[in-house]
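Colleague: need a structure here:
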Amino acid sequence: MSKESISIIILAAGKGSRMKSPKAKVLHSISGKPMLYHIIKASQEISNDITVVIAHQKEAVQEQMEALFDDINFVIQDAQNFPGTGGAMKNITPKNEKVLVLNGDMPLITADALQGFLSSDADIIMSIFDLKDPNGYGRVVIEENAVQYIVEQKDANDAELATTTVNAGVYAFKKSLIKKYIPLLSNENAQEEYYLTDVIAMAKKDGLSIAPLLVDEEHFKGVNSKKDLADSEEIMQERIRTKWMQEGVIMQLPATIYIESTVSFEGECIVENGCRICGETLIHNSHIKAHSIVEDSIVKNSDVGPLAHLRPASYLEDTHIGNFVEVKKSSLKGVKAGHLSYLGDAMVDEGSNIGAGVITCNYDGVKKYKTIIGKNVFVGSDTQLVAPVTIEDDVMIAAGTTVPSGTVKSGNLVLSRVKLRTIKEYFYKHFGKK
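Modeller: Residues are numbered from 1 along each chain as shown. As a prediction, the model looks like this:
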């Protein structure tokens, strides 16, 4: 089925009160992106007509999604006058002949998992689970492989509550049925809401075909609490790690490694235990050692860590970054920085060595300034480079030196130390002899 044959409507208007959070539920993150992002991304693989229904914190939801996607339609639900999933479907005119309705709190959905909704010619296809504990779900009554009706848990009688087949909350309708039945929905129920599930009853009464589709809980799992959020994160992380290991990345104790969905690997890469790799990061033929953090950076033919931190906009090529080294918004090519250093807003060229305890003083309290270090520069331990400063090629900077703003010319040695003083017997004068 082509993208031009199916429209997708994503219901993302709810408050998500069980999340116990001031943030809209669909904006809570899974592997570095809002839940709603993952659903829209999967939807774009199979449809060219995607509508997101919003209400709670509608401005924030729309703003964040428009920053991530083009060509997404937004419809604001009148939740006061038309609450519920059926109310969310009002005032939507899908372009394509089949309409798939998804929920905005199902971040684990994939395009492959939705294929079952695309292959059937039934008038309505609805997803179902078979759960040992169906508490909290609407029940689905099925006879002769056809859905007879759905009842919400709060409206169900004892016999219906005993049913273990539940509504997974995803539906595919023929476009004509949306137009026909949505205006006929009523809110005469315990919650005084307009239920999309009532379309099933009306369609059944009119003799239309309603096919159940058994789906797996992993892909269609809803997130209603912080515990659900954590469970979904674990599943997403397992998928991401498995994908990259199948692509050839070596991971040591992979369950301890966190990798966001926007990270990419190329070539022969090793990621040791306890690492966190985030954002728009590319790792190419590199080794990320234990308990290191890499954020929105590019690492090529380099090794990082252990216990190193690459903050956003860092670029490393043919470089060694050791333990307790922090790099921020800097470019290092052919550099060694073995331990205990901070390199911020810097450019360091090949053959240069950064000693322990070296820092770039890039911030004066108002503005940030750049440090430029040329080729074959030796920066001794415990050196402070006060930006803006340029160190030309072939320079030696002695340990303990503070290099002020300006330029250090090629071939020079730079040192700034106070004269050593020795006061004899001072210890004993101060503390006394034992």
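Colleague: C-alpha only now, for contacts and for neighbours.
Modeller: Noted.
Colleague: can you give me the helices for the stretch 101-250 of the chain?
Modeller: Using DSSP state H, counting those that start in this stretch, the helices of the stretch 101-250 of the chain run over 115-119, 158-161, 175-181, 198-205, 217-220, 226-246.
Colleague: Can I get the longest one in PDB? Just the C-alpha atoms.
Modeller: It refers to helix 226-246. Provided in PDB are the C-alpha atoms of helix 226-246 (Å, rounded to 0.1, in the frame of the first residue of the first chain):
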ATOM      1  CA  LYS A 226       6.600   7.200  35.000                       C
ATOM      2  CA  LYS A 227       6.900   3.500  35.400                       C
ATOM      3  CA  ASP A 228       5.500   2.900  31.900                       C
ATOM      4  CA  LEU A 229       7.900   5.500  30.700                       C
ATOM      5  CA  ALA A 230      10.900   3.700  32.200                       C
ATOM      6  CA  ASP A 231       9.700   0.300  30.800                       C
ATOM      7  CA  SER A 232       9.300   1.800  27.300                       C
ATOM      8  CA  GLU A 233      12.800   3.300  27.500                       C
ATOM      9  CA  GLU A 234      14.300  -0.100  28.300                       C
ATOM     10  CA  ILE A 235      12.600  -1.600  25.200                       C
ATOM     11  CA  MET A 236      13.600   1.300  23.000                       C
ATOM     12  CA  GLN A 237      17.200   1.100  24.200                       C
ATOM     13  CA  GLU A 238      17.400  -2.600  23.600                       C
ATOM     14  CA  ARG A 239      16.200  -2.000  20.000                       C
ATOM     15  CA  ILE A 240      18.800   0.700  19.400                       C
ATOM     16  CA  ARG A 241      21.700  -1.300  20.900                       C
ATOM     17  CA  THR A 242      20.600  -4.400  18.900                       C
ATOM     18  CA  LYS A 243      20.400  -2.500  15.700                       C
ATOM     19  CA  TRP A 244      24.000  -1.100  16.000                       C
ATOM     20  CA  MET A 245      25.500  -4.400  17.200                       C
ATOM     21  CA  GLN A 246      24.000  -6.100  14.200                       C
END
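Colleague: Which residues are in contact with K329?
Modeller: Neighbouring residues of K329 by Cα atoms under 8 Å, 6 or more residues apart in numbering: 311-315, 344-346.
Colleague: Among those, pick out the one closest to I142, please.
Modeller: Among the contacts of K329, P312 lies closest to I142 (Cα to Cα), at 53.2 Å.
Colleague: need the helices of the stretch 101-250 of the chain in a markdown table with distance to S5, mean pLDDT and mean neighbour count, can you?
Modeller: Below are those laid out as a markdown table (distance: least, Cα to Cα, whole Å; pLDDT from 0 to 100; neighbours: other Cα atoms under 10 Å):
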| stretch | distance to S5 | mean pLDDT | mean neighbour count |
| --- | --- | --- | --- |
| helix 115-119 | 9 | 90 | 15 |
| helix 158-161 | 36 | 88 | 13 |
| helix 175-181 | 10 | 94 | 16 |
| helix 198-205 | 22 | 91 | 18 |
| helix 217-220 | 23 | 91 | 18 |
| helix 226-246 | 29 | 97 | 16 |
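Colleague: quick one: which of those helices is nearest A356?
Modeller: For A356, the closest of these is helix 226-246, at 33.8 Å, according to Cα to Cα.
Colleague: Mind giving me the packing neighbours of the closest one?
Modeller: strand 29-30, strand 258-259 (3 or more Cα pairs under 8 Å, 6 or more residues apart in numbering; DSSP states H and E).
Colleague: Pick the one among the contacts of K329 closest to L208.
Modeller: Of all the contacts of K329, L208 sits closest to P312, with 55.2 Å by Cα to Cα.
Colleague: and the closest one, what is it in contact with?
Modeller: 294-297, 328-329 are the contacts of P312 under Cα under 8 Å, 6+ apart.
Colleague: what does N73 give?
Modeller: Contacts for N73 were tallied using Cα under 8 Å, 6+ apart; they are 49-52.
Colleague: most neighbours, which of those residues?
Modeller: V52 (26 neighbours; other Cα atoms under 10 Å).
Colleague: helix or strand for it, which one?
Modeller: V52 is part of strand 49-54, with elements assigned from DSSP states H and E.
Colleague: which secondary structure elements does the helix or strand just after that strand contact?
Modeller: The first helix or strand that comes after strand 49-54 along the chain, using DSSP H and E, is helix 58-68. Judged by 3+ Cα pairs under 8 Å, 6+ apart, helix 58-68 is in contact with helix 35-44.
Colleague: So what touches the helix it packs on?
Modeller: For helix 35-44, contacts defined as Cα under 8 Å, 6+ apart pick out 8, 12, 26-29, 50, 65, 68, 104-111.
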